[in-house]
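Chemist: What shape does this take:
(chains A and B, ligands or ions: 2)
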Protein chains: 2
Amino acid sequence: MEDSCRVLFMPDNRYIVVSAGENLLRAAMDADVHINASCGGSGSCGKCRVIIDEGEVEREPNAKLGDSEIARGYALACQTRVLSDLKVTVPLESRIGDKKIFERAEPTPAHGYLLAAADWEERLPEWELDPPTRKVHLVLSEPTLDDNTSDAERIKRGLSVEAGLRDVVVDYPVLQRLPNMIRQSDWDITVTVLDSGDELRAVRIEQGDTTLRQSAIAIDVGTTTISSELIDLRTGEVTARASDYNAQVAFGEDVITRIIYATRGTGLAKLQSVVVGTIWNLIKNLVEQAGIEYCNVTHVVVAGNTTMMHLLLGLNPKYIREEPYIPSGTLFPWIKCSDIGLRIAAGVYLYAIPCVASYVGGDIVAGMLASGIFNTEKMTLYIDIGTNGEMVLGNRDWMLSCSCSAGPAFEGGGVKHGMRATGGAIEQVRIDKVGYEPMIITVGNRKPIGICGSGLIDLLSEMYLTGLMNEKGKINTDLPTARVRGKEGSAEYVIVWAEDSATRRDIVITDVDIDNLMRAKAAVYAGIEILLSSMDMDVSVIDELLIAGAFGRYLEVDKAVTIGLLPDIGYEKIKFVGNGSLLGAHLTALSKEMMDKANDIARQMTYLELSMNPAFMDHYMSALFFPHTNLDAFPTVAEKLESYRSVQRMAAETAAGEGEEG
Amino acid sequence: MEDSCRVLFMPDNRYIVVSAGENLLRAAMDADVHINASCGGSGSCGKCRVIIDEGEVEREPNAKLGDSEIARGYALACQTRVLSDLKVTVPLESRIGDKKIFERAEPTPAHGYLLAAADWEERLPEWELDPPTRKVHLVLSEPTLDDNTSDAERIKRGLSVEAGLRDVVVDYPVLQRLPNMIRQSDWDITVTVLDSGDELRAVRIEQGDTTLRQSAIAIDVGTTTISSELIDLRTGEVTARASDYNAQVAFGEDVITRIIYATRGTGLAKLQSVVVGTIWNLIKNLVEQAGIEYCNVTHVVVAGNTTMMHLLLGLNPKYIREEPYIPSGTLFPWIKCSDIGLRIAAGVYLYAIPCVASYVGGDIVAGMLASGIFNTEKMTLYIDIGTNGEMVLGNRDWMLSCSCSAGPAFEGGGVKHGMRATGGAIEQVRIDKVGYEPMIITVGNRKPIGICGSGLIDLLSEMYLTGLMNEKGKINTDLPTARVRGKEGSAEYVIVWAEDSATRRDIVITDVDIDNLMRAKAAVYAGIEILLSSMDMDVSVIDELLIAGAFGRYLEVDKAVTIGLLPDIGYEKIKFVGNGSLLGAHLTALSKEMMDKANDIARQMTYLELSMNPAFMDHYMSALFFPHTNLDAFPTVAEKLESYRSVQRMAAETAAGEGEEG
Ligand code: FES
Ligand code: FES
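Modeler: Ligands and ions are numbered 1, 2, ... in the order given. The predicted model follows:
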């Protein structure tokens, strides 16, 4: 099996280079080769039939494909893995309408515009593994009548002499267990010392030498999803990962509904205990995966938006949502995990990465840290597209942030069949330019259940380019396809017929859905424009645009530009940083220097409140178009649109010709 | 009524100057004029009849004295207050045996040797009222969209700008209540900031200006008694005082039995909750006395011996009593009162004055601070005579401490009719040199119940000087008095006959009691000697000897020297500092500088462990005599003994002469 394979699709005559082992349907998707895949790649529709002309593949056995077909070279693209260079023919029955149009002399290379992951190494400054907790192994001299200093003072003396740690405060619970503990261990102990920045604190004493067992936990507390990592503090390696929905989701999808819930009765305590419950389950999972003990964990670092931090720490979030939007606090002292009900082991403290303002939280600060913006000369735009759409413009000299209330549409909220990027969510979409038939892949190649953020972006982009909807986001009800139904203004497009869906109901996108998505993308784009115009800049100054968020692995940057969510500044400038919040928490858990940097970032970042800003409203109104009122700002979109229209014209001519011939 | 009155007693022809209003029996006691007062001054025995020859008195009405007697000038001394200069005759019936012996040309002045209270002002260094908690009144600007810093940061900014307090950490409970609180108070608040030495911490926020209401509580946590003070932090004035038994007494009289109790099962938690209960009742009492609110209290300072601090803070005391006698800790971080179950108000922290070693605690450090020894050139010996008999020798250059396991005899423990210095305890005793009849005064002039420490010291001194017991502490069974009974070696002396006692039983002191008391005083004296000899010094170097402890107001220094408890260095060098522990806690509550000093004292003080010290054993054996094997070291005692013997000889001669006459 070769490492990378060239897959040539006929009759498109277009090839793409993919990693060996890649799914053939995914390869076709990325090569922009249309196959009528209706079941999300689950192998149930049987519509993604292709013929393997040359090369080696591995087929999953599937009832939709008979032995005789296999003998003739047939394969279900979605059930096939690429093992070598291939030549693949997409037969006519799989490609309604689109015939012979792309026959050319030379095969055309293609490539997808999946967001490239940013290169951390080049971004981050030099940093040493120097975590805020440290274990010190001490073999103390046994007390005598001549050396009768107290247990606590003996340990403090040991820490000073052996590790240069002076004026260590011994935590009361440690003091309370000290005498029996150190005698049972024959004066051979390991002390965990927390450097909180303000003071050194002995937070745990263990028998014998446990310095080889020291881990930290980094957690991104998202409004929807909580992600966590277990990190071995000796090596800095991640030894386990786990994530889960934030159980607070049951109390409201966005921060506003949670704030409202928190300010009623015992709502705050309820939300706190619920999120602590989710975190506890994740920690359990991490500890079990890595096969360690709970007591190996010496500290926890969390990052999250300002509301999530308030709810986790039990702080009243009420005034976050009332003008002028004031949080209780933005810098949080180290807190004992048990004080918030998180009982990992004795003496485990938690650090929350500081926030900037009510709607720019520690998750953004963590992202700034992780993406190295605070350390680069390049003018960088950092966008975290979640419920709020926070963004930061700047570099090592200054940072300006805002939050643009995008709403939860790209997380699936307010969209009829929207959903999170979990199994069965449609994550990639293509629509045939001529027959308006979709080609979809779902997360986990399962029967489709709904559509997640990246699928919605693909879908809007394809609907706009194919003319299924106009620049105002209205579905065109005049097209010759059964997939569009309903009246103008309240129409819908069927992505998956009931027979192919996991829910046994049609999966559709409606005019209302599109309107909600347009408002969301307009808010993000207006946020970008207002940050730039506040600094008398325009998009041309952006050296790098970093996308963070939970889009999963398949956010296609060209599609996001096509719908006007991101500015058209060249795809190569746009990079994906994944979960910047978690990575920032990770760095902070490993390095006191990074912790100081995070504090500096939070203090230095300027926050621009948009809610009452009239210029923001203007920018927002102008962005309520696909891609934008000002099409000149989106040259690649104009070009694409022209290319789609020309294909459609050629198809119409061919059809007319065939009609004449027939 | 004159301020001071001269009371001349006849036929002794001896006078004493007392304050107007003084009890006449007390005046006689101090003048060393014997009156057969048998009922402790309660007015029930009717034996303290005297005749007022000249001057003005106030008599309490008493059934034991008829109108005709009053007309003839009679009065019960114990029921009479001195209002002017007096001439008083003690009639023969009140003075068995002791006739005409002291008739002299000129009245002799007399004075008691009650310990003089030390003068604090001259001892203490300059110190400013600068308590560890400070209230800052802030009128904050209301947040706006342009000034949208968080509530906590706004307060920190205010503290920095208005009070120069930088980098204040805001306690979580404060953060949690912040948003509603400051809005309800219209941004007009008072912040209480604790300076723990390591960091500044905002521990409470109140509405409006509460800076005029700020108090601290100082507590001496004694093994037997807990004493407390409420101090107004604006003025430094004590506004209320309260004391009570430590309810732990029910679990053992001394620290050793309590340690044993604490190390079994849930004993530690039990003892902690019990002492916290006593403290809570005292605080309740203080707050009610002063008419303040609990929330006016901003911090608490406690001082106590090392075991008491362990039990209060919930620290395991087990190894305090096992060789080599190691406490869990000696320096204690500030702790939230609620963490030990003491719920005064939100955000009240407690500071425990540091200890030196297992048997030299924060009470001694507090005494060192309060008595100014750390600040004087004078070579000073500080002795706290309680269960343990801790002492310190030194001055501002060095301090050497030890604890001599005196046992609880002087607190009434191990003495048949021993008791604490409460109502009905015999606190002063004289014994007639000839008839061996006692003269007693009780605390509160109540019918006698038992004997307290100062009474025991008086009693031993009188028994030794009158020859009721010999220098080995054995009661002389050959004397012509019904008050001595039993066989040599297991004899007893009856101080109060059943008819005069509140218990309706004879109150006695036994050979066994005396033995226990001798061991206690020998341990103290041996401690003094070992401290001195460790430094190659002897008693002559002592410029000042300070006595601390719960002896009440009537410890007579000459009596303590007579029995060899204190060295014979001149009564004027010996001073009483009262409850040095409480006074030290008081100073520490008022001044961060004094808090630092207390820390310095605890760190710098050297501790000498006596338990395995053979030289200590030698000194102890030599001290198992009254006053001491080496009588040369007690010149005033030798002198007194000679004077008693000469009176006794004269009395015997007189009696013989009368016998011849009769
Ligand atoms: S069977 Fe392959 S997409 Fe449906
Ligand atoms: S009546 Fe005065 S002492 Fe008894």
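Chemist: which residues does residue A:403 contact?
Modeler: By CB atoms under 8 Å, 6 or more residues apart in numbering or on different chains, residue A:403 lies in contact with A:357, A:359, A:360, A:388, A:389, A:390, A:391, A:527, A:610. C-beta: built from backbone N, CA, C; applies to glycine.
Chemist: count of residues packed around the residue in the stretch 51-200 of chain A that chain B sits nearest to?
Modeler: Residue of the stretch 51-200 of chain A nearest chain B, by CB to the nearest CB: residue A:152 (3.5 Å). Counted with other CB atoms under 10 Å in any protein chain shown, the neighbours of residue A:152 add up to 26.
Chemist: Output the below-cut-off pLDDT ranges for the stretch 101-250 of chain A.
Modeler: In the prediction, the stretch 101-250 of chain A carries residues with pLDDT under 70 at positions A:101-108, A:111-125.
Chemist: right, I mislabeled it, should have said chain A
Modeler: Along chain A, segments meeting pLDDT under 70 span A:1-2, A:92-108, A:111-125, A:550-553, A:658-662.
Chemist: quick one, domains of it?
Modeler: As assigned by automatic domain parsing, chain A contains the domains A:4-112, A:133-207, A:216-352, A:367-408+A:518-633, A:410-513.
Chemist: Contacts only, for the residue of the stretch 351-500 of chain A found nearest ligand 1.
Modeler: Residue nearest to ligand 1 within the stretch 351-500 of chain A: residue A:500 (7.1 Å; CB to the nearest ligand atom). By CB under 8 Å, 6+ apart, the residues touching residue A:500 are A:38, A:39, A:40, A:44, A:45, A:447, A:448.
Chemist: same thing with residue A:109?
Modeler: With contact set as CB under 8 Å, 6+ apart, residue A:109 has these partners: A:14, A:15, A:16, A:17.
Chemist: Just put these in CSV and tack on neighbour count.
Modeler: Below are those laid out as CSV (neighbours: other CB atoms under 10 Å in any protein chain shown):
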residue, neighbour count
A:14, 19
A:15, 23
A:16, 23
A:17, 16
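Chemist: now, which of those sits nearest residue B:373?
Modeler: Distance to residue B:373 across those (CB to CB) is lowest for residue A:17, with 86.9 Å.
Chemist: that's a strand at that closest one, yeah?
Modeler: Yes. Counting by DSSP: H, G, I helix; E, B strand; the rest coil, residue A:17 is found in a strand.
Chemist: Bridging across strands, which residues link to it?
Modeler: With DSSP bridges applied, residue A:17 shows beta-bridge pairing to residue A:6.
Chemist: Could I get the contacting residues of it?
Modeler: Contacts for residue A:17 (CB under 8 Å, 6+ apart) come out as A:4, A:5, A:6, A:7, A:109, A:111.
Chemist: name the helices or strands packed onto the helix or strand hosting residue A:646?
Modeler: If you go by DSSP states H and E, residue A:646 is part of helix A:635-661. Packing partners of helix A:635-661 (3 or more CB pairs under 8 Å, 6 or more residues apart in numbering or on different chains; DSSP states H and E): helix A:453-466, helix A:557-562.
Chemist: quick one: buried residues of it?
Modeler: A:637, A:640, A:641, A:644, A:647, A:651, A:654 (16 or more other CB atoms under 10 Å in any protein chain shown).
Chemist: And stretch A:465-474, by the same measure?
Modeler: Of all the residues in stretch A:465-474, those buried under the rule 16+ other CB under 10 Å are A:465, A:466, A:467, A:468, A:469, A:473.
Chemist: want to throw the residues you listed into JSON lines with distance to residue B:409?
Modeler: Formatted as JSON lines, the buried residues of stretch A:465-474 follow (distance: CB to CB, whole Å):
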{"residue": "A:465", "distance to residue B:409": "102"}
{"residue": "A:466", "distance to residue B:409": "104"}
{"residue": "A:467", "distance to residue B:409": "106"}
{"residue": "A:468", "distance to residue B:409": "102"}
{"residue": "A:469", "distance to residue B:409": "100"}
{"residue": "A:473", "distance to residue B:409": "96"}
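Chemist: Out of these, just show me the ones up against ligand 1, please.
Modeler: Restricting these to those within reach of ligand 1 (CB under 6 Å from any ligand atom) leaves nothing.
Chemist: and which of those is nearest to residue A:399?
Modeler: Closest to residue A:399, out of all of the buried residues of stretch A:465-474 and judged by CB to CB, is residue A:473, at 33.2 Å.
Chemist: what sits against that closest one?
Modeler: Residue A:473 neighbours (CB under 8 Å, 6+ apart): A:511, A:514, A:515, A:517, A:518, A:625, A:626.
Chemist: Next up, phi/psi of residue A:575, please.
Modeler: phi -130, psi 160 (degrees, to the nearest 10).
Chemist: what pairs with it across the strands?
Modeler: Judged by DSSP bridges, the bridge partners of residue A:575 are residue A:116, residue A:546.
Chemist: Could you report the neighbour count for it?
Modeler: Residue A:575 has 18 neighbouring residues, counting by other CB under 10 Å.
Chemist: my read is residue A:281 is in a strand, agree?
Modeler: No. Assessed with three-state DSSP, residue A:281 is helix; it does not lie in a strand.
Chemist: quick revisit: can you lay out the contacts of residue A:403 as a markdown table showing secondary structure?
Modeler: Below are the contacts of residue A:403 laid out as a markdown table (three-state DSSP):
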| residue | secondary structure |
| --- | --- |
| A:357 | strand |
| A:359 | coil |
| A:360 | strand |
| A:388 | coil |
| A:389 | coil |
| A:390 | strand |
| A:391 | strand |
| A:527 | helix |
| A:610 | coil |
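Chemist: Neighbour count and distance to residue A:26 for the residues you listed - can I get that in JSON lines?
Modeler: Formatted as JSON lines, these follow (neighbours: other CB atoms under 10 Å in any protein chain shown; distance: CB to CB, whole Å):
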{"residue": "A:357", "neighbour count": "26", "distance to residue A:26": "41"}
{"residue": "A:359", "neighbour count": "27", "distance to residue A:26": "37"}
{"residue": "A:360", "neighbour count": "28", "distance to residue A:26": "36"}
{"residue": "A:388", "neighbour count": "29", "distance to residue A:26": "31"}
{"residue": "A:389", "neighbour count": "26", "distance to residue A:26": "28"}
{"residue": "A:390", "neighbour count": "28", "distance to residue A:26": "31"}
{"residue": "A:391", "neighbour count": "27", "distance to residue A:26": "30"}
{"residue": "A:527", "neighbour count": "29", "distance to residue A:26": "32"}
{"residue": "A:610", "neighbour count": "22", "distance to residue A:26": "38"}
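Chemist: Strands of the stretch 451-600 of chain A, start to end?
Modeler: Taking DSSP state E, counting those that start in this stretch as the criterion, the stretch 451-600 of chain A contains strands spanning A:484-485, A:492-496, A:507-510, A:544-548, A:574-578.
Chemist: and those strands as a markdown table, adding distance to ligand 2?
Modeler: Below are these laid out as a markdown table (distance: least, CB to the nearest ligand atom, whole Å):
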| stretch | distance to ligand 2 |
| --- | --- |
| strand A:484-485 | 115 |
| strand A:492-496 | 109 |
| strand A:507-510 | 106 |
| strand A:544-548 | 92 |
| strand A:574-578 | 94 |
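Chemist: Mind checking those for the one nearest to residue A:395?
Modeler: Across the strands of the stretch 451-600 of chain A, closest to residue A:395 is strand A:544-548 (CB to CB), at 9.5 Å.
Chemist: residues in contact with that closest one?
Modeler: With contact meaning CB under 8 Å, 6+ apart, strand A:544-548 is reached by A:115, A:118, A:367, A:371, A:373, A:378-385, A:555, A:557, A:566-567, A:569, A:573-581.
Chemist: In PyMOL, how would I select the buried members of the residues you listed?
Modeler: A single PyMOL command selects the buried members of these (16+ other CB under 10 Å):
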select buried, chain A and resi 115+118+367+371+373+379+380+381+382+383+384+385+555+557+566+567+569+573+574+575+576+577+578+579+580+581
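Chemist: Out of the contacts of strand A:544-548, which sit inside helices?
Modeler: Per DSSP state H, helices hold the following members of those: A:367, A:557, A:580, A:581.
Chemist: what sits against the first one?
Modeler: When you say that, I think you mean residue A:367. Contacts of residue A:367 by CB under 8 Å, 6+ apart are A:382, A:384, A:392, A:546, A:548, A:577, A:580, A:581, A:583, A:584.
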